[in-house]
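Novice: Below is the structure, and that's it, no one-letter string:
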Ligand code: SF4
């Protein structure tokens with residue numbers, strides 16, 4: 001019998017490893033940097049105490065303004081539109097003309113007719129508008145455009161502002177049923193701002209003025225005075241536009257500082273930090289102002 005050779009056990013070939021499907025690594029989305037917070041942190045690091053020192057210095061010069069509502073929000077809106085690119089005193093003339101031409105029988109919720117006439121709000125550059133009821137907004141909204149242009153002509157840029165005023169009044173009435181903007185006081189700041197700026201012709205500055213002065217909403221309207229003074233001191237970078245400046249201020253200031261900062265920056269711009277010849281020799285901010293010393297702390 002033939003001997004059967006012993007079979008050696010041949011190890012099976014190694015099993016081919018199936019490539020394991022790797023889950024794509026979820027990349028963590030980086031949050032876009034908030035320019036306001038970034039700037040506020042940078043300012044706090046390299047120029048500590050600048051915001052507090054500026055507010056304190058202005059307080060010694062002009063006092064601490066106390067918030068008080070002066071106009072109803074619809075009047076404030078129209079007055080602010082009238083003041084766009086015009087001197088406040090001319091905007092007042094146009095507003096007074098509106099009231100005389102489109103009188104209303106409604107009593108102002110802010111002031112009674114018996115109260116002293118001309119009132120203005122802090123930081124306002126004119127002499128104030130007449131007391132009493134606001135104009136008849138229905139009549140203003142529905143007036144023939146040439147007539148309205150004629151009425152507000154003393155305010156300047158009437159041909160641009162008349163349609164803007166009518167469009168704003170129309171939008172408010174269509175959305176709310178009347179011209180009252182009182183409901184904005186019940187909304188959070190961002191919602192109220194979004195509601196107003198969604199109306200064509202109402203920008204961030206105009207909306208912020210209405211909300212800050214009528215409801216104390218902590219927003220910072222950035223006008224030419226606020227912008228100029230802040231850039232000179234170095235509170236905001238030199239190339240910041242008004243829209244970006246608004247965001248920087250919201251990050252730099254506490255909500256309860258917003259009204260005081262706005263009013264005093266405007267007052268400072270009007271009374272001391274003039275566009276042409278700032279009176280630095282009598283300015284309490286001078287030791288920290290980059291206009292005076294580019295290396296000021
Ligand atoms: S020191 Fe002069 S430039 Fe600076 S804030 Fe005062 S007035 Fe303006």
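Specialist: Arrived safely, thanks for sending. The shown structure was predicted, so the numbers you read here are calculated from the model rather than taken from an experiment.
Novice: so where's the longest helix in the chain?
Specialist: helix 158-176 (DSSP state H).
Novice: Which neighbouring elements make contact with that helix?
Specialist: Helix 158-176 is packed against helix 73-83, helix 137-142, helix 145-151, with contacts defined by 3 or more Cβ pairs under 8 Å, 6 or more residues apart in numbering; DSSP states H and E. (C-beta placed from N, C-alpha, C; glycine too.)
Novice: Mind listing residues that contact the helix or strand just after that helix?
Specialist: Using DSSP states H and E, the next helix or strand after helix 158-176 towards the C-terminus is helix 189-197. Residues from elsewhere that reach helix 189-197, judged by Cβ atoms under 8 Å, 6 or more residues apart in numbering: 77, 181, 184-185, 187, 202-204, 206-208, 210-211, 215, 217-219.
Novice: Show me which residues of helix 189-197 are buried.
Specialist: 189, 192-193, 195-197 (16 or more other Cβ atoms under 10 Å).
Novice: Next: stretch 209-227.
Specialist: Applying 16+ other Cβ under 10 Å to stretch 209-227 flags 209-223, 225-227 as buried.
Novice: If I look at the spatially closest residue to residue 173 that is not a sequence neighbour, what pLDDT would I see?
Specialist: Nearest residue to residue 173, sequence neighbours excluded (Cβ to Cβ, 6 or more residues apart in numbering): residue 179, at 5.6 Å. Looking at residue 179, its pLDDT is 96.
Novice: what does stretch 44-57 contact?
Specialist: 43, 233-235, 252-253, 257, 260-261, 264, 283-285, 288, 297.
Novice: One more: stretch 230-247?
Specialist: Outside stretch 230-247, the residues touching it (Cβ under 8 Å, 6+ apart) are 35-36, 39, 43, 47, 50-51, 54, 204-205, 208, 219-223, 226-227, 248-249, 252, 265, 273, 278, 285, 288-291, 296.
Novice: Apply the buried test to the contacts of stretch 44-57 and list what passes.
Specialist: Neighbour counting by 16+ other Cβ under 10 Å classes 43, 233-235, 252-253, 257, 260-261, 264, 283-285, 288 among those as buried.
Novice: Please list which of these are also close to the ligand.
Specialist: Among those, the ones lying near the ligand by Cβ under 6 Å from any ligand atom are 233, 283, 285.
Novice: would residue 248 count as being in a strand?
Specialist: No. Read with DSSP: H, G, I helix; E, B strand; the rest coil, residue 248 is helix and lies in no strand.
Novice: gap between it and residue 35?
Specialist: 7 Å (Cβ to Cβ, to the nearest Å).
Novice: Among the two, which residue is more densely surrounded?
Specialist: Using other Cβ atoms under 10 Å as the criterion, residue 248 and residue 35 rank with residue 248 on top: 23 against 14.
Novice: So that one is in contact with residue 40, correct?
Specialist: Yes. With contact defined as Cβ atoms under 8 Å, residue 248 reaches residue 40; the gap is 7.3 Å.
Novice: Tell me the residues of the protein that contact the ligand?
Specialist: Checking the chain against the ligand by Cβ under 6 Å from any ligand atom, the hits are 229, 232-233, 272-273, 278-280, 283, 285-286, 289, 291-292.
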